[in-house]
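Asks: Fold the following for me, if possible:
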Amino acid sequence: MKKLKLFAVLVPLLWLAACSSTPNKGMNEGDVAVEDLSAQTSGVNGQGNADGSEYGSETQVVVGEDDYQGNELNDPSNPLSNRVVYFEYDSANVRQEDQATLQAHAAYLAKHPNVTVRLEGHTDERGSREYNLALGERRALSIRQILMLQGADMSQFQVTSFGEERPAVDGSDESAWAQNRRVEIVYLGR
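Replies: Predicted coordinates:
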């Protein structure tokens, strides 16, 4: 009986390991890479990387972001300083109140063709992990589509979905969920 229980646990784990190690052959331009961060934590309660360093949205450093200390992107009165777009429950439709912000980002990207951005899609905790990864991807792709329609080039984008894995706010109420349903626009480099 003990061997049967062990077998029941090991078979799904081996299957998942085989699936996760399969290379992404045949990816075309525009395909989206989904990063699996299920084994990572956000650095809360002293948890972090295996080397003892903490990580999370507060401590994560993206190479190249140091170049963006200028007024235009960081001026609080400029719409470019807003780099988070929020979504309604179970939706990838961009809200009307975010259109001006996206127009400003599209104009900036069109004016600076060497600048690239990563669009990070996020969801709240409701729904399965797989569904939330797909929803985060749809949200990021909808932002990319709007920015491209307004002048940005496809080569300027990386699209990543974190699903529910990196909440902006902890909690299981509408206030927390509303802040977790988002796409973050991360400027990478020139």
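
Asks: Give me the distance between residue 134 and residue 163.
Replies: 8 Å (C-beta to C-beta, to the nearest Å). In this view, the C-beta of every residue, glycine as well, is placed from N, C-alpha and C.

Asks: In terms of packing, which of these two has more residues around it?
Replies: Neighbour totals were compared for residue 134 and residue 163, and residue 163 leads with 26 against 19 (other C-beta atoms under 10 Å).

Asks: I'd say the more buried one and residue 133 touch.
Replies: Yes. If you go by C-beta atoms under 8 Å, residue 163 and residue 133 touch, sitting 4.0 Å apart.

Asks: pull the CA atoms of the helix or strand hosting residue 145 into CSV?
Replies: Of the helices and strands defined by DSSP states H and E, residue 145 is found in helix 129-149. Extracted in CSV, the C-alpha atoms of helix 129-149 (Å, rounded to 0.1, in the frame of the first residue of the first chain):
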residue,chain,number,x,y,z
ARG,A,129,-2.9,28.7,-12.1
GLU,A,130,-3.0,27.8,-15.8
TYR,A,131,-6.0,30.0,-16.4
ASN,A,132,-4.4,32.9,-14.6
LEU,A,133,-1.1,32.6,-16.6
ALA,A,134,-3.2,32.7,-19.9
LEU,A,135,-5.2,35.7,-18.6
GLY,A,136,-2.0,37.6,-17.7
GLU,A,137,-0.7,36.9,-21.1
ARG,A,138,-3.9,38.1,-22.8
ARG,A,139,-3.7,41.3,-20.8
ALA,A,140,-0.1,42.0,-21.7
LEU,A,141,-0.9,41.2,-25.4
SER,A,142,-3.8,43.7,-25.4
ILE,A,143,-1.5,46.4,-24.1
ARG,A,144,1.1,45.5,-26.8
GLN,A,145,-1.6,45.7,-29.5
ILE,A,146,-2.7,49.2,-28.4
LEU,A,147,0.8,50.5,-28.2
MET,A,148,1.6,49.0,-31.6
LEU,A,149,-1.5,50.5,-33.2
